[in-house]
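[1] Here is the input, now give the coordinates:
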Amino acid sequence: MRMRNVATSGTAPELRVRRIVRSIGESYTSRTDWLPGRPDLFLPQHRIAVFVHGCFWHGCPRCFVPPKRNRTWWRDKIEKNRRRDRRKSRELRLLGISTITFWEHDHDKRIEKRLVARLARAA
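    The predicted model follows:
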């Protein structure tokens, strides 16, 4: 019941990435229900899907700390999320769409630098 209340779109990290994408002059869509994995953003002119992962829910290798209670359940849950993320990225690549993933802890400058580099490669 509690997990249903966790926001899946419009989160603060996602809004930061949207702002950065707009600041570098790119257009995007956030209505991506039709794409595998429902990326947070899609840059159609470059065929790039952007994911903004929460460090807890996607098991960030840098800052994920498992809860003390129900450790086994949470370990399995996070591992399933990681496998799903990899599978959905593969499905997007098969459709000719590249992916880029940001973590909620990423700084704005790092996000901008990675985006600009990816867009330069896509051009």
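
[2] which SS class is the spatially closest residue to Gln45 that is not a sequence neighbour?
    Ranked by Cβ to Cβ, 6 or more residues apart in numbering and with sequence neighbours excluded, the top spatial neighbour of Gln45 is Ser27, at 7.1 Å. For the C-beta atoms, the positions are set from N, CA and C on the backbone; glycine is no exception. Under the three-state scheme (DSSP: H, G, I helix; E, B strand; the rest coil), Ser27 adopts coil.

[3] I'd like to know how many residues surround Ser27.
    9 (other Cβ atoms under 10 Å).

[4] Would you mind naming the residues that bridge with the residue nearest the centre of the chain?
    When the chain is reduced to its mean C-alpha position, the closest residue under Cα atoms, centre = their mean turns out to be Phe51, at 1.9 Å. Beta-bridge pairing of Phe51, defined through DSSP bridges, involves Thr101.

[5] Do a quick rundown of the strands in this protein.
    41-43, 48-53, 98-103 (DSSP state E).

[6] Can you check what angle separates the last one from strand 48-53?
    Which is strand 98-103. Here strand 98-103 points in a direction 20 degrees away from that of strand 48-53 (axes from the mean of the first three to the mean of the last three Cα atoms, to 10 degrees).

[7] May I ask you to name the longest helix in this structure?
    Ranked by number of residues, the top helix in the chain under DSSP state H is helix 71-94.

[8] Just the residues contacting it, thanks.
    Helix 71-94 is contacted by residues 35-37, 39, 49, 51, 53, 57-59, 64, 66-67, 98-99, 101 when judged by Cβ atoms under 8 Å, 6 or more residues apart in numbering.
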